[in-house]
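# what's the 3D shape of this:
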Amino acid sequence: MNRTLLLACATNLLFCVGVARADVVRDWNAVMQTTVAGQNPFAQARFAAITQLAVFEAVNTITGDYEPYLGTIEAPGGASAEAAAIAAAYRVLKTYFPANAALDTARANSLAAISESQAKADGIAVGEAAAAGMIALRSADGSAPPQFYAPSSSAAGEWQRTAGCPPAGGILLHWRNVAPFGIESSSQFRSEPPPALTSNEYVKDYREVMEVGDSASVMRPADRADGARFYAAVLAVATWNPAVRQVAEAEGTSLSENARAFALLNVAISDALVSVMETKYHYTFWRPETAIPGFVPFIGTPCFPGYPSAHASASYAAEEIARRIFGAGGHSIVLTSPPAVGVTLTYKSFKEIARDIDDARVYGGIHFRFDQEAGAVQGRDIGKYVYKNMLRPVQQ
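Down below sits the predicted model:
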């Protein structure tokens, strides 16, 4: 699949799976990204992790290259790993998005490229079983019902409702209680407390965001403005999945390797977002627009506490996984998004993406620099833990 077609997959799943089938795991990762795009970033990450773990479990049950996640699925000898991957991804996504008729067409197109055989039928059955196992496992994982946070204090440093918040208060309070996929608990990697309001660090970062993050700032370079707008529209799932797809294609990694890579990537992202919400609502630290009199951020402020940055936590967790699997640099990554018209971002390393996201949140006026730094530490720790403890290669 060439790079132009690969980028098209992110926005047109029927074109992707109907025209080219270089790797069905990559293809259906793009389908997943398109399907979940209408959800909030936290729900996107949860759906992505469920989908990619089901795909991994289906493929790995047949190939046996890595330690399983569920460990309860069986596969007949000779079952098609490609058919299993297609069936697993389809069934998870169709279960959560039953009205999405495009998924039916995508499944038909993908399976039509595999010759009819017992291996194909067996692979489909394995994929369906893996999907059913993952869906059952996550049926009561704390992702519903929604809960809100009503501030009980107006003291300096305490989070307050920002423009655009619902009357009920801070959103996604319940996300701190979502069961993680890979780490032990949402508080396992809780960040250290934010800096004191009288500290040099706080004062320095306060001044920075005041200068470059206000909507009327003349200190924000054009490229930082572009980045702020881009990453306001493109969150973790839609940033890191296409980046890894491009690198996986360039390096020619196998179906089994890709299934593991996307599973680890999306588990790390989802667990980081669970962890960061636990930390956010533990400290309930204010946003720049509350802290700085008369300040209006360049981009809209999410309606929950600022410390640490969710985008940083998820991105550095993803960066840790991607770097460990594919290497630190020497890549060619191009990111575009329809909501960010006219903005094309190019990178040679995963770290460059994460650092751009740090700047995007500060220059966007919604985070202090120390929010980003704390999120980076948390995310890296989660990425390391997930990589070292999940889906490890089977010793031959």
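
# could you point out which element follows the helix or strand harbouring Ala317?
Using DSSP states H and E, Ala317 maps to helix 310-326. With elements assigned by DSSP H and E, the helix or strand that comes after helix 310-326 is strand 333-335.

# packing partners of that following strand?
helix 236-251, strand 345-347, helix 350-363 (3 or more C-beta pairs under 8 Å, 6 or more residues apart in numbering; DSSP states H and E). The way it works is simple: take the backbone N, C-alpha and C, and place the C-beta from them, glycine included.

# buried sites along it?
Across strand 333-335, burial judged by 16 or more other C-beta atoms under 10 Å covers Ile333, Leu335.

# show the average pLDDT along it.
Averaging pLDDT along strand 333-335 gives 98.

# so what strands line up beside that strand?
strand 345-347 (antiparallel) (DSSP bridges).

# report the buried residues of the strand it pairs with.
Within strand 345-347, judged by 16+ other C-beta under 10 Å, the buried ones are Leu345, Tyr347.

# chain center to that strand, what's the gap?
How far strand 345-347 lies from its chain's middle: 18 Å, per C-alpha atoms, centre = their mean, to the nearest Å.

# likewise stretch 370-379?
The answer for stretch 370-379 is 16 Å, by C-alpha atoms, centre = their mean.

# list the buried ones in it?
Buried, per 16+ other C-beta under 10 Å, within stretch 370-379: Phe370, Asp371, Gln372, Glu373, Ala374, Gly375, Ala376, Val377, Gln378, Gly379.

# is Gln39 in contact with Ala45, as I believe?
No: Gln39 is beyond contact range of Ala45, at 9.1 Å (criterion: C-beta atoms under 8 Å).

# so which of those two has more stuff around it?
More crowded of Gln39 and Ala45, by other C-beta atoms under 10 Å: Ala45, with 31 against 16.

# mind checking what secondary structure that one has?
helix (DSSP: H, G, I helix; E, B strand; the rest coil).

# residues in contact with it?
Ala236, Val237, Asn266, Ile269, Ser270, Leu273, Ala314 (C-beta atoms under 8 Å, 6 or more residues apart in numbering).

# which residue is the nearest non-sequential neighbour of it?
Spatial nearest neighbour of Ala45, chain neighbours left out: Ser270 (4.0 Å); criterion: C-beta to C-beta, 6 or more residues apart in numbering.

# before we move on, the earlier item: angle of the helix holding Ala317 against helix 236-251?
Relative orientation of helix 310-326 and helix 236-251, computed by axes from the mean of the first three to the mean of the last three C-alpha atoms, to 10 degrees: 20 degrees.

# and helix 310-326, how far out from the chain's middle?
9 Å.

# only C-alpha atoms, please: export that helix in PDB.
Listed in PDB are the C-alpha atoms of helix 310-326, where the atom choice follows Å, rounded to 0.1, in the frame of the first residue of the first chain:
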ATOM      1  CA  ALA A 310      -4.100  14.300  29.200                       C
ATOM      2  CA  HIS A 311      -2.700  14.800  25.700                       C
ATOM      3  CA  ALA A 312       0.800  14.600  27.100                       C
ATOM      4  CA  SER A 313       0.200  11.500  29.200                       C
ATOM      5  CA  ALA A 314      -1.400   9.600  26.300                       C
ATOM      6  CA  SER A 315       1.100  10.800  23.800                       C
ATOM      7  CA  TYR A 316       4.200   9.900  25.800                       C
ATOM      8  CA  ALA A 317       2.800   6.500  26.600                       C
ATOM      9  CA  ALA A 318       2.200   6.000  22.900                       C
ATOM     10  CA  GLU A 319       5.700   7.400  22.000                       C
ATOM     11  CA  GLU A 320       7.300   5.000  24.500                       C
ATOM     12  CA  ILE A 321       5.600   2.000  22.900                       C
ATOM     13  CA  ALA A 322       6.300   3.100  19.300                       C
ATOM     14  CA  ARG A 323       9.900   3.900  20.000                       C
ATOM     15  CA  ARG A 324      10.500   0.600  21.700                       C
ATOM     16  CA  ILE A 325       9.000  -1.400  18.800                       C
ATOM     17  CA  PHE A 326      10.100   0.700  15.800                       C
END
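
# which other helices and strands does that helix contact?
helix 41-63, helix 236-251, helix 255-283, helix 350-363, helix 369-389.
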